[in-house]
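Q: With the sequence up front, the predicted model follows.
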Amino acid sequence: METKSYAVTETFFDLYPRNPHAIKSVFHTLQILTIKLLGHELFSIRFLSFLFGLLTLFWFYKLCTTIFKSNHLAFLSTLFLSMDIQFIYASHFARQEIILLFVLLFSLNYFLSLLLNTKLIHHLLLGIVIGLSIGLHPNSFIICLPIVFLYLFHILFTKKLNWYGLLVYAAAVGCFALGFIGLSLYFDADFIGNYTQYGSQFGVTNTLVSKLSELQDFYLKLYYGISGTYYTPDIRLEFYLFTIALAASMIFLFKEKQVKKELIISIILAIAAVNIGLIVIGRFGQPSIIFLFPLFYILVTYVLTWISKKFRLCLALVLLLMITINSISNIHPYLNGSYEHYLQEIGKVVHKEDIVLANLNSEMYFENGKLYDYRNLAHLKEHNLTFEHYIERNKISYIIYPDEMDFIFAYRPEWNNVYGNISLYYEDMQRFLQTKCQLVYEFTEPTYGMRIARYINQKDWKVKIYKVNE
């Protein structure tokens, strides 16, 4: 917003390798519009996700009416999704996943509702919608695949579509992909090499065989709630529920009428396509699991349709109660955490315009360009810098030091993925804090004093504020 350009990277990274690209330009445009309307506040950033969460529920309801031809069943399925902790989390997370989920459900409903009356313009519009989503996040590939799978299913098996429609769809998506790649190359002439190198850190360039084994680890980590700095809710209930629903759906399909059978097969194919997309990309970020939840809740509702009306409502209410209780139990431990209180504590001694070295979770307090993130420090040696030189070069006046730095060093190298190899600069940093700084304030922060998800709220983590001696 300040540079009037998309060809920029974050000001809080100066040593941490970053290169400009256009892949998230649509998402940043939406963020800019929200900030212009509501201000640069945590509420406005999360409001964008919340708004698309509501839109997602609306289009999920429409998709369910297309599949079940029943407003009651569509409403029930929407209730299941709306009360699920993973959906609640995604719709408050200020990231792109919830917007991509909206695009996925909109596209699925658009495709299935017009299946018997599809024209050239419909294929083109569908391609434009998916193509635009490339400007949200690279995970747009994951939501592109389900539509491709449905095209192939209805071309090869039901014969309701022809290859021409798929080619129009693919051409539209391809044009947008080339456009975003071209714009990225304009921003950075070595975009492809830099982006590939960045992705290699997360396994994007691994072989398909290794990615397949990583998919199993991905689900195991979700089941056991193992993560780094991403919050991972307890979704074991959903694992059991979705597994039963998938198995039962595939059994009931043998007895189903042709039209309904094709619709349910379409949902199962979409589930398979999302998983294949995860494997091909190879990033396996925990938030991306949300793409599967609406699809599985459709199968849960479908299985309920095979239960006699005498017991259906009772079972549906029990399931809804279980989902709601699970969400409440996930949310409850975090109700006492206050982000505003965290920023207020920092504000007692540090001004918004002061230049600081700090955890990125305090960035909303400071003016743009005033905060430098700890992740830069792992690259000091690459730039022939010491910790002291880094502080002097950037004219840093305060160091906001959380307990987690000592914790990560004590348990090295297990948590090197948080800030890089902290042992490269830890002793140098401690020496500087003791000899060139003054401890001016210290406060307890159980929630925001620790970014590793499993240890948040597990103890009274401290945050120390050091003033650098002039």
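A: Structure received.
Q: For Q31, give its distance to V349.
A: Per CB to CB, to the nearest Å, Q31 is found 30 Å from V349. Bear in mind the C-beta positions are built from the backbone N, C-alpha and C, glycine included.
Q: higher neighbour count, the two?
A: Per other CB atoms under 10 Å, whichever of Q31 and V349 has more neighbours is Q31, with 18 against 14.
Q: surely that one meets I45?
A: Yes: assessed by CB atoms under 8 Å, Q31 is found in contact with I45 at 6.9 Å.
Q: Which stretches in the stretch 301-450 of the chain count as helices?
A: 309-331, 339-347, 387-393, 404-410, 416-419, 426-436 (DSSP state H, counting those that start in this stretch).
Q: now the ones you listed as TSV including distance to A177 and mean neighbour count?
A: Putting the helices of the stretch 301-450 of the chain into TSV (distance: least, CB to CB, whole Å; neighbours: other CB atoms under 10 Å) gives the following:
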stretch	distance to A177	mean neighbour count
helix 309-331	37	14
helix 339-347	37	16
helix 387-393	39	17
helix 404-410	39	18
helix 416-419	30	17
helix 426-436	43	15
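Q: Kindly present those helices as a markdown table, with separate columns for mean pLDDT and distance to S362.
A: Converted to a markdown table, those look like this (pLDDT from 0 to 100; distance: least, CB to CB, whole Å):
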| stretch | mean pLDDT | distance to S362 |
| --- | --- | --- |
| helix 309-331 | 95 | 23 |
| helix 339-347 | 95 | 6 |
| helix 387-393 | 96 | 17 |
| helix 404-410 | 95 | 13 |
| helix 416-419 | 89 | 15 |
| helix 426-436 | 96 | 18 |
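Q: Any chance of a markdown table for the ones you listed, columns distance to L183?
A: Formatted as a markdown table, the helices of the stretch 301-450 of the chain follow (distance: least, CB to CB, whole Å):
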| stretch | distance to L183 |
| --- | --- |
| helix 309-331 | 40 |
| helix 339-347 | 34 |
| helix 387-393 | 32 |
| helix 404-410 | 37 |
| helix 416-419 | 30 |
| helix 426-436 | 39 |
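Q: mind checking which of these is nearest I281?
A: helix 416-419 (18.4 Å; CB to CB).
Q: re earlier: can you check which of the helices of the stretch 301-450 of the chain gets nearest to D217?
A: Using CB to CB, these put helix 416-419 closest to D217, at 14.5 Å.
Q: Could you report the distance from E97 to F291?
A: Distance from E97 to F291, by CB to CB: 7 Å.
Q: shared neighbours, these two?
A: N139 (CB atoms under 8 Å, 6 or more residues apart in numbering).
Q: Okay, angle between the lengthiest helix in the chain and helix 339-347 too, please.
A: Across the chain, the longest stretch assigned as helix under DSSP state H is helix 42-68. Going by axes from the mean of the first three to the mean of the last three CA atoms, to 10 degrees, helix 42-68 is angled at 160 degrees with respect to helix 339-347.
Q: Buried ones in helix 42-68, by neighbour count?
A: Neighbour-count burial for helix 42-68 flags 44-49, 51-53, 55-57, 59-68 (criterion: 16 or more other CB atoms under 10 Å).
Q: Now do whichever helix or strand comes after it, average pLDDT.
A: Using DSSP states H and E, the helix or strand that follows helix 42-68 in sequence is helix 71-82. In this model, helix 71-82 has an average pLDDT of 98.
Q: so how many other residues sit close to M1?
A: With other CB under 10 Å as criterion, M1 counts 11.
Q: Check the spacing between it and G282 real quick.
A: In terms of CB to CB, M1 sits 33 Å off from G282.
Q: Same check on P138?
A: With CB to CB as the criterion, P138 and G282 are 11 Å apart.
Q: So the two - more neighbours on which side?
A: Between P138 and G282, counting by other CB under 10 Å, G282 is the more crowded of the two (20 against 17).
Q: who touches the more buried one in this structure?
A: F202, G203, V204, T205, N206, K211, E214.
Q: and it, what are its phi and psi?
A: phi 80, psi 10 (degrees, to the nearest 10).
Q: Ignoring the adjacent residues along the chain, who's closest to A22?
A: Nearest residue to A22 in three dimensions, chain neighbours excluded: L183, at 3.9 Å (CB to CB, 6 or more residues apart in numbering).
Q: For the helix or strand hosting the one you found, list every residue counted as buried.
A: L183 belongs to helix 163-187 when assigned by DSSP H and E. Judged by neighbour count (16+ other CB under 10 Å), helix 163-187 contains these buried residues: 165-166, 168-170, 172-173, 176-177, 180-181, 183-184, 187.
Q: With stretch 107-121 instead?
A: In terms of neighbour count (16+ other CB under 10 Å), stretch 107-121 has its buried residues at S107, L108, N109, Y110, F111, L112, S113, L115, T118.
Q: The last one touches L161, doesn't it?
A: Yes: assessed by CB under 8 Å, T118 is found in contact with L161 at 6.6 Å.
Q: Can you give me the neighbour number for the nearest residue to Y61 once chain neighbours are set aside?
A: Nearest non-adjacent residue to Y61, counting by CB to CB, 6+ apart: T78, 4.6 Å away. By the criterion of other CB under 10 Å, T78 has 22 neighbours.
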